[in-house]
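Engineer: Sequence unavailable; structure follows:
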């Protein structure tokens, strides 16, 4: 049985609209004909959120007594018995009431996904385990309910629900998040502009890192589940990267300095990282060592990453490095001219890179010295 | 067969001459003397040597010495491009560098320590213009190996202005 698809709505704090957005998307899926149910909803007495849930089937909760109190929690067995196509489960980091199958809700969600049911869920960034200390340091508030980062990184989709700290405080003051008696304590403690700004930055960075991590899978193929839950395989060769990353191919000789500088200027314009690669075919000569050291110093000053790889075939090594680093753009110097026979026997490096790395732009940096030689030649004629 | 010979000449590059002289031409963010560069190029051409224009970058004390310097690089890179363009027109092989140091003199010392040079061509500053001061020149004469050519200050065109305006 194919595992369900997990989509997480991530926010910087309570009240940004995660649950609302989850319900909105649930409604859209139901409208599209899918069997959607609410497995657990925490409306927090927010009328707009409760209104968004109208029309969706809500599964009964599991009730139990705990220390003399009647409490309710999500009913995992009920969801698994009902077997909807998509289940909406709020508050992913929640700790379950005693007596359930698992201690934490994300563990329940694992069971739901394993049963082939898609899940939409919500979580705030401060619940992520790795960020717990950071959030405590930023806000002075220690969050007790935490979620392993692997749950977020393992999600098929993460949607950042973002509003500005100012807007969130306006919503709080308007009574859209907490009841009136809870507003002032919230403003005095957690809901401060500086706290929210810091959390917002953490949330944005978290999603960016998640995107980066998903962009560079180590596997040879990347499994992507389509909305109809049929799996299809996208070859990494056609994988499109989100951010730009440049790779400058060099050989240790003076003209490589210009290639690196041109690549760096392009990377600055694109706001991209720059890698500089030399594929070494053997032990470098003393002159090559000297040039390589100069290239290392240049890369260091420019903030680029100098890579030296060993291999007999430059195209194959470049292909591997480009995939490992998530390269979107390759720059190389003007190749040496090859004879007609050599061209017939084997395509040039540029041609091979274009063929082997579809989706990656290739730019050949002009060699000025050649241009001048040609100019001089024409003047002679 | 003349077309074959011509093709071969046309595709030749300005390779670094074997055992040719390496002529160091340092400059910094304060500016680049066009007159001094032309003089250095003439010297390099006459000696059949390679010009090594070195941009000396100053690393602020609050940063580690090996820190990346993107802001200074934004000035250094077009300056080096301009120098290379002029060197290529003068048919002089060029091998550019950017060197870091706590001061311009420190960066210059690092340059000399890292590589061998047969000659250093230095533009002495004329008043507020680009170039090296008297103490820098004195230090270099006392410490740097090889031949040192100090160019006398003269009415000049600062190449940096042209680069910045473009």
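Structural biologist: Ah, there it is. As the structure is a prediction and not an experimental result, all values here were calculated from the model.

Engineer: after the strand or helix carrying residue A:355, next one along is what?
Structural biologist: Using DSSP states H and E, residue A:355 sits in helix A:349-356. Next along the chain after helix A:349-356, taking DSSP H and E as the criterion, comes strand A:361-365.

Engineer: Flag every buried residue along the helix holding residue A:355.
Structural biologist: Neighbour counts using 16 or more other C-beta atoms under 10 Å in any protein chain shown place A:349, A:350, A:352, A:353 of helix A:349-356 among the buried residues. (C-beta placed from N, C-alpha, C; glycine too.)

Engineer: Please apply the same query to stretch A:104-113.
Structural biologist: Neighbour-count burial for stretch A:104-113 [16+ other C-beta under 10 Å]: A:104, A:105, A:106, A:108, A:109, A:110, A:112, A:113.

Engineer: repeat for stretch A:46-62
Structural biologist: Of all the residues in stretch A:46-62, those buried under the rule 16+ other C-beta under 10 Å are A:46, A:49, A:52, A:53, A:56, A:59, A:62.

Engineer: what's the nearest residue to the first one if we skip its chain neighbours?
Structural biologist: Here the nearest residue to residue A:46 in space, its sequence neighbours aside, is residue A:176; by C-beta to C-beta, 6 or more residues apart in numbering or on different chains that works out to 6.5 Å.

Engineer: domain assignment for chain A?
Structural biologist: In the domain annotation for chain A, the residue ranges read A:6-234, A:241-380 (automatic domain parsing).

Engineer: Ok, which of those domains comes nearest residue B:118?
Structural biologist: Distances from residue B:118 to each of the domains of chain A were compared using C-beta to C-beta; the shortest belongs to domain A:241-380, at 14.5 Å.

Engineer: where exactly do the helices run in the stretch 51-200 of chain A?
Structural biologist: With helices called from DSSP state H, counting those that start in this stretch, the stretch 51-200 of chain A shows them at A:76-82, A:105-114, A:132-139, A:149-153, A:165-173, A:180-188, A:193-215.

Engineer: okay if I get these as CSV plus distance to residue B:56 and mean pLDDT?
Structural biologist: Below are the helices of the stretch 51-200 of chain A laid out as CSV (distance: least, C-beta to C-beta, whole Å; pLDDT from 0 to 100):
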stretch, distance to residue B:56, mean pLDDT
helix A:76-82, 68, 94
helix A:105-114, 56, 95
helix A:132-139, 40, 69
helix A:149-153, 45, 82
helix A:165-173, 45, 84
helix A:180-188, 54, 80
helix A:193-215, 36, 71
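
Engineer: quick one, what contacts the closest residue to residue A:89 other than its chain neighbours?
Structural biologist: Counting by C-beta to C-beta, 6+ apart, the nearest residue to residue A:89 once its immediate chain neighbours are dropped is residue A:39, at 4.4 Å. Residue A:39 makes contact with A:59, A:74, A:75, A:79, A:87, A:88, A:89, A:112, A:119, according to C-beta atoms under 8 Å, 6 or more residues apart in numbering or on different chains.

Engineer: What segments of chain B are helices?
Structural biologist: Under the criterion DSSP state H, chain B carries helices at the ranges B:2-11, B:34-47, B:70-89, B:104-114, B:134-143, B:159-165.

Engineer: Throw those into CSV and include distance to residue A:313, thanks.
Structural biologist: Converted to CSV, the helices of chain B look like this (distance: least, C-beta to C-beta, whole Å):
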stretch, distance to residue A:313
helix B:2-11, 24
helix B:34-47, 38
helix B:70-89, 31
helix B:104-114, 32
helix B:134-143, 47
helix B:159-165, 40
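
Engineer: how about the ones you listed in a markdown table, adding mean neighbour count?
Structural biologist: Below are the helices of chain B laid out as a markdown table (neighbours: other C-beta atoms under 10 Å in any protein chain shown):
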| stretch | mean neighbour count |
| --- | --- |
| helix B:2-11 | 11 |
| helix B:34-47 | 19 |
| helix B:70-89 | 19 |
| helix B:104-114 | 18 |
| helix B:134-143 | 13 |
| helix B:159-165 | 15 |
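
Engineer: Quick one, which of the ones you listed gets closest to residue A:284.
Structural biologist: Closest among those, using C-beta to C-beta: helix B:104-114, at 16.5 Å.

Engineer: Who are the packing partners of the closest one?
Structural biologist: Helix B:104-114 is packed against helix A:286-302, strand B:22-28, strand B:50-58, strand B:97-101, helix B:134-143, with contacts defined by 3 or more C-beta pairs under 8 Å, 6 or more residues apart in numbering or on different chains; DSSP states H and E.
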